[in-house]
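Participant: With the input below, show me the fold.
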Amino acid sequence: MRLLNLLAGLAAVGLSASLARADTLTVAPQSVADEKAVFATVESISVVPARGRIGGTVAELNVREGDRVTAGQAIATIGDVKLALQMKSLDAQIEALQAQANQAQIDFTRIEDLVQRNIMPRVKLDEQRTALNVAENSLRAKVAERAVVNQQLTEGEVLAPSAGRVLKKLITVGSVVLPGDPIVTVAQENYKLRLRVPERHARFLKAGDKIRIDSAELGGEASKWGVIDLVYPQIEEGRVIADATVEGLGQYFVGDRLRVWVSGGMRPAFVIPASYVKTRFGIDYVSLHQADGTVDVPVQRGRELPTPALPDGLEILSGIRAGDQLVRP
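Facilitator: Residues are numbered from 1 along each chain as shown. This next block holds a predicted model:
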């Protein structure tokens with residue numbers, strides 16, 4: 001029995017030692033990005049206008065600001081009274097030409113029968129065949145003209161040029177528009193973050209760099225990370241323009257300003273998990289493992305440096321050095 005208790009005690013001591021080793025962190029300097037805070041705006045890759053293809057009066061408007069549309073969706077309808085009148089006129093002319101073509105066909109059939117019986121000369125048949133062809137061609141031309149007017153009526157529907165969100169209505173129902181006038185503007189759904197970085201940081205900025213959006217900018221959510229896609233070569237008003245891709249930008253307003261952190265170079269720093277720091281009476285401490293036990297050492301806390309591998313990373317400015325063994329409190 002005593003032997004069993006001794007073995008159980010040794011196992012407990014071994015487990016405690018392994019847990020202690022698991023909660024021990026060796027301090028080592030690492031290169032971190034010297035982040036700089038800049039402002040970025042949520043912008044669409046392109047904002048395209050939906051234009052009317054014919055002139056007339058806007059009879060119907062099916063969208064409003066903020067609505068999502070798909071490519072080819074009918075946004076508005078433009079009506080033109082003149083086109084309707086032309087359709088009625090062409091319908092009447094087509095009926096008249098159809099009657100003429102029918103009569104020409106009847107005359108051609110009659111004369112053909114008389115020619116076959118040698119009652120009339122063949123020249124009359126040729127003249128009537130020509131008259132029939134003229135009547136049929138006139139009818140075809142008028143039908144084609146009606147198809148053109150009908151297509152113009154069909155083009156009275158204003159279609160969305162691409163999928164996205166309606167940013168602004170430029171007209172109202174009853175407005176008179178000309179061919180090519182914009183009706184609404186549509187922002188494509190592929191949003192980007194457009195950064196404006198001071199030119200002194202331009203040499204540190206390149207495509208492929210990561211950027212970070214503060215959790216405070218996201219309403220308390222975890223920080224988001226993005227990647228710079230393009231750095232524009234032209235400097236505008238002392239700032240370098242760059243585009244970055246970040247997941248989940250579709251829930252923001254177009255033109256929304258966010259504070260993001262970009263890399264301004266690399267520097268050495270001590271970064272440890274925030275769980276290793278404890279605060280008493282307004283002073284931050286870490287537990288330092290020494291040969292004769294554990295001692296609490298005051299440290300100066302820096303700013304948070306979260307990374308994808310260490311979401312709760314915290315920079316320590318002073319109080320520890322390379323090689324120190326930290327124990328999780």
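
Participant: what about the nearest residue to E315 once chain neighbours are set aside, neighbour count?
Facilitator: Distance criterion Cβ to Cβ, 6 or more residues apart in numbering; nearest residue to E315, sequence neighbours excluded, is G302 at 3.3 Å. For every residue, glycine as well, the C-beta is placed using N, CA and C. By other Cβ atoms under 10 Å, the residues close to G302 number 14.

Participant: Hmm, G302 is touching S318, no?
Facilitator: No. Counting by Cβ atoms under 8 Å, G302 does not reach S318; the two are 9.2 Å apart.

Participant: Report whether the expected contact of S175 with T57 is present.
Facilitator: Yes. Counting by Cβ under 8 Å, S175 touches T57, with 7.2 Å between them.

Participant: Tell me where the chain has helices.
Facilitator: 2-22, 81-116, 122-154 (DSSP state H).

Participant: In terms of mean pLDDT, which of those ranks lowest?
Facilitator: The minimum mean pLDDT among those belongs to helix 2-22 (a mean of 38).

Participant: before we move on, the earlier item: turn the helices of the chain into CSV, including mean neighbour count and distance to P49.
Facilitator: CSV is the format used below for those (neighbours: other Cβ atoms under 10 Å; distance: least, Cβ to Cβ, whole Å):
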stretch, mean neighbour count, distance to P49
helix 2-22, 10, 61
helix 81-116, 14, 23
helix 122-154, 14, 20
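
Participant: now those as JSON lines including distance to R165?
Facilitator: Output for the helices of the chain, formatted as JSON lines (distance: least, Cβ to Cβ, whole Å):
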{"stretch": "helix 2-22", "distance to R165": "50"}
{"stretch": "helix 81-116", "distance to R165": "32"}
{"stretch": "helix 122-154", "distance to R165": "26"}
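
Participant: quick one, which of those is nearest to V227?
Facilitator: Among those, the nearest to V227 by Cβ to Cβ is helix 2-22 (34.0 Å).

Participant: who wins for proximity to Q290 among the helices of the chain?
Facilitator: helix 2-22 (13.2 Å).

Participant: Quick one, which of the helices of the chain gets closest to I211.
Facilitator: helix 2-22 (33.7 Å).

Participant: Contacts only, for G313.
Facilitator: Neighbouring residues of G313 by Cβ atoms under 8 Å, 6 or more residues apart in numbering: V271, I272, P273, A274, E304, L305, P306, T307.

Participant: what do you get for E112?
Facilitator: E112 touches L125, Q128, counting by Cβ under 8 Å, 6+ apart.

Participant: now it: how far from M120?
Facilitator: 9 Å (Cβ to Cβ, to the nearest Å).

Participant: follow-up on the earlier one: list only those of the contacts of G313 flagged as buried.
Facilitator: Buried members of these, scored by 16 or more other Cβ atoms under 10 Å, are V271, I272, L305, P306, T307.

Participant: What confidence value was assigned to the fourth one?
Facilitator: Predicted confidence (pLDDT) for P306: 75.

Participant: Isn't it up against D312?
Facilitator: Yes. When contacts are counted by Cβ under 8 Å, P306 is listed as touching D312 (6.7 Å).

Participant: any idea how far P306 is from V197?
Facilitator: 21 Å.

Participant: Please apply the same query to M266.
Facilitator: Applying Cβ to Cβ to M266 and P306 gives a distance of 17 Å.

Participant: Can you report how many residues neighbour V158?
Facilitator: So V158, with other Cβ under 10 Å, has 28 neighbours.

Participant: Now it: closest residue in space, sequence neighbours ignored.
Facilitator: A76 (4.2 Å).
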